[in-house]
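Colleague: no sequence for this one, just the structure:
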Ligand code: IMP
């Protein structure tokens, strides 16, 4: 007998992230619901000091607004030579409405001549159930280094300037990125937890 399917609200406005999660959760008995499907119009606050606080803040807010079981994530890039910056400010590094290119160009400018280029992407996912009030978080990391110029056309965000083993994330096709990425790793932890709970 097949397992009953459960709805899961994915609290992201990013089409890229939704597509990544659809790929990663594809074999689970889960129907992903978007913010648009759930008719959510407002936007959750995001003013925590850590990725975990932000992910929980977002998941709680969207779970309360929709009544749906909700997954939210927060992610960003930590650069060792910049003492972990941009961190929780990764998305708005070059300003509130900055484009991906403006953000990574600012980071390249801030690290001109910096020898230690080590950096890591971090992703925390929070799963909040508004019915039984359970809350869980899952953290994935991907260690690599900053390039000095963008390379590649896949992916989004800072992918063209973040490399692992000599190739940037933007030079790797999606399935290869999923296997390495911070979000892929956090989502794999979520998927493992859900698989053991949802499959009979
Ligand atoms: P948020 O978690 O959607 O707020 O993302 C924070 C910032 O990190 C944004 O600027 C994203 O572009 C960037 N970011 C998050 N995940 C990735 C990724 O997988 N590749 C490149 N940039 C990313």
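Modeller: Sure, I can see it. Because the structure is predicted, anything quoted here is derived from the model rather than measured.

Colleague: quick one: the helices in this structure?
Modeller: Per DSSP state H, the chain carries helices over the ranges 15-24, 51-66, 100-110, 174-180, 182-198.

Colleague: so of those helices, which one's packed in deepest?
Modeller: Ranked by mean neighbour count under mean count of other CB atoms under 10 Å, these are led by helix 51-66, which reaches a mean of 21. Bear in mind the C-beta positions are built from the backbone N, C-alpha and C, glycine included.

Colleague: Next, the angle helix 182-198 makes with that one.
Modeller: Orientation of helix 51-66 against helix 182-198 (axes from the mean of the first three to the mean of the last three CA atoms, to 10 degrees) gives an angle of 50 degrees.

Colleague: what does the lowest-mean-pLDDT helix or strand in the chain rub up against?
Modeller: Lowest by mean pLDDT, DSSP states H and E among the helices and strands of the chain is helix 15-24, with a mean of 83. For helix 15-24, contacts defined as CB atoms under 8 Å, 6 or more residues apart in numbering pick out 10, 12, 32, 34, 71, 73, 155-156, 174-175, 178, 183-184, 187-188, 191.

Colleague: Find the closest residue to the ligand in this protein.
Modeller: residue 157 (2.3 Å; CB to the nearest ligand atom).

Colleague: Could you list the low-confidence segments of this protein?
Modeller: 1-3, 200 (pLDDT under 70).

Colleague: Try it again at 90.
Modeller: 1-5, 12-27, 41, 46, 174-175, 177-179, 184, 194-200 (pLDDT under 90).

Colleague: who's in contact with residue 184?
Modeller: Residue 184 touches 20, 24, 140, 177-178, counting by CB under 8 Å, 6+ apart.

Colleague: who are the neighbours in contact with the closest residue in space to residue 149 that isn't next to it in sequence?
Modeller: Nearest non-adjacent residue to residue 149, counting by CB to CB, 6 or more residues apart in numbering: residue 108, 7.2 Å away. Counting by CB under 8 Å, 6+ apart, residue 108 touches 146, 148-150, 161.

Colleague: Enumerate the residues of the protein near the ligand.
Modeller: 14, 73-76, 90-91, 100, 103, 155-159, 169, 181, 183 (CB under 6 Å from any ligand atom).
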